[in-house]
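**Q** predicted model, plus sequence, below.
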Amino acid sequence: MVTLFRSVVLSSLLLVALGCPGGQPPITPVPETDLAGCGLLGEPAGWDRTRTEAIVRLGEPVHSVIDAVATPDETPTLRAKLSYGPTSADLEGERVEGWIQMGDQCADWTRIGETLTDDDGRIALELEGPLPVGIYSLAVVALGDASTAFGFLHVLEADQPIVIFDIDGTLTTSDVELIDGIVVHHVGATSDEVFELAGSPLTRAQWLTILDRTLEPDATMHAGADEVVRWYAERGIQPVYITGRPYLYDGMTREWLAERGMPAGPLVLVQAIEEALPAYVDDYKERSLGELSGRGFSIEAAYGNAHTDICAYARAGVAADRTFIIGPNAGDACDGYEASTAIASYPAHLLEL
Ligand SMILES: [Mg+2]
């Protein structure tokens, strides 16, 4: 018992220490200073719509705050998706409160305002801005049951250099895209065909079941992956995590990154579940990179493992010698583009950086 207690205390201390190298804030909110820890979370107020009772009975909240990225001359917006249960049933027409934490103390939380979810369970609240360069915690509260979700606003310099990291199969050793690959191999590459697996329709719910079985909260990290991400962060190059995981895996993904001491950085999750399918995931990643580079952030390098990564990075204009691919597809090319750069292992790659 004592040993267990000591290891819990030590790992908590380690997390705090790892989360704050050189003033770097943690990638997940610190519980003592999140809304609940600060006593700012009210009692459940009940739902405004009777229909909502049926939605919330479908399962646990799977709310997700979309990490916001802004420059010091932009007015950022807090966006979130609120839903329940394994198939992500939308919370529609219910009241949601938005908060931002301007520092790391309880007194630094500011209520942004209140709005209603739309018919897709989404909210948008414009923040008071612009804000200075920094990382700010964001929170949403579904007032009906006082359930919450957290995310971050990253205010970056207008010409901030960034580095892109895929997560599954790139930072982790397991890869949902390998399952995608199997599906594509058997049924072809068009989205309609992917949905029609072996003559039976692969429904959205079935797709989510596959994801659920594949994505592990404690997925093994590729040895040295954390050191490579930190190498960039320590040189002022902002890591951006762009994953093919849908928003339902927001909390699990943030915890995985935090527990491994990954530097803080915007987390970009798939917002339309269909876009996590292999026929769409490269478009989604290409678009995400394009949005970042289109705003003036320079992409110094991009890391991935899947063919969809190679094509997304190539089409988004990342140079082949800055496109680092690990695993079975390392060194492959997207049709019509130069071959990507293979990484044998992160410790070996670190020596070459
Ligand atoms: Mg991957």
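**A** Here it is on my side, so go on.

**Q** list the contacts of the closest residue to residue 147 other than its chain neighbours.
**A** Once flanking residues are discounted, residue 147 sits nearest to residue 61: 4.1 Å by C-beta to C-beta, 6 or more residues apart in numbering. Every residue, glycine included, has its C-beta placed from N, CA and C. By C-beta atoms under 8 Å, 6 or more residues apart in numbering, the contact list for residue 61 reads 82, 83, 84, 142, 145, 147, 149.

**Q** can you rerun that using 10 Å?
**A** Listed by C-beta atoms under 10 Å, 6 or more residues apart in numbering, the contact set of residue 61 reads 82, 83, 84, 85, 91, 142, 145, 147, 148, 149, 251.

**Q** wait, which of the residues you listed is closest to the ion?
**A** Proximity of the contacts of residue 61 to the ion (C-beta to the ion) peaks at residue 251, which lies at 19.5 Å.

**Q** coming back round to it: ChimeraX command for the buried members of the contacts of residue 61?
**A** Those of those that count as buried under 16 or more other C-beta atoms under 10 Å are selected in ChimeraX with:
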select :82,83,84,91,142,145,147,148,149,251
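
**Q** with respect to residue 205, which of the contacts of residue 61 is nearest?
**A** Residue 205 has its nearest neighbour among these in residue 85, at 10.3 Å by C-beta to C-beta.

**Q** how about the contacts made by that closest one?
**A** With contact taken as C-beta under 10 Å, 6+ apart, residue 85 is in contact with 55, 56, 57, 58, 59, 60, 61, 62, 248.

**Q** one more time with 7 Å
**A** By C-beta atoms under 7 Å, 6 or more residues apart in numbering, the contact set of residue 85 is 58, 59.

**Q** likewise for the one 3 residues further on?
**A** For residue 88, the contacting residues are 62, 248, by C-beta under 7 Å, 6+ apart.

**Q** can I get the strand or helix carrying residue 149 in CSV? Just the C-alpha atoms.
**A** If you go by DSSP states H and E, residue 149 is part of strand 147-155. These are the backbone C-alpha positions of strand 147-155, laid out as CSV (Å, rounded to 0.1, in the frame of the first residue of the first chain):
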residue,chain,number,x,y,z
SER,A,147,-20.3,17.4,-17.5
THR,A,148,-17.1,19.1,-18.8
ALA,A,149,-14.4,18.9,-21.5
PHE,A,150,-11.1,20.7,-21.7
GLY,A,151,-8.8,21.9,-24.4
PHE,A,152,-6.4,24.6,-25.2
LEU,A,153,-6.0,27.9,-27.0
HIS,A,154,-2.5,28.2,-28.5
VAL,A,155,-1.7,31.8,-29.5
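
**Q** okay, domains of the chain per the record?
**A** If the domains of the chain are taken from automatic domain parsing, they occupy 25-155, 161-352, with pieces of a single domain joined by a plus sign.

**Q** contacts for the strand holding residue 149?
**A** Counting by C-beta under 7 Å, 6+ apart, 29, 34-35, 41, 61, 63-72, 76, 80, 100, 131-141, 250, 266 sit against strand 147-155.

**Q** and whichever helix or strand comes after it, what other elements does it pack with?
**A** For strand 147-155, the succeeding helix or strand toward the C-terminus, using DSSP H and E, is strand 161-165. With contacts defined as 3 or more C-beta pairs under 7 Å, 6 or more residues apart in numbering; DSSP states H and E, the packing partners of strand 161-165 are strand 238-246, strand 298-304.
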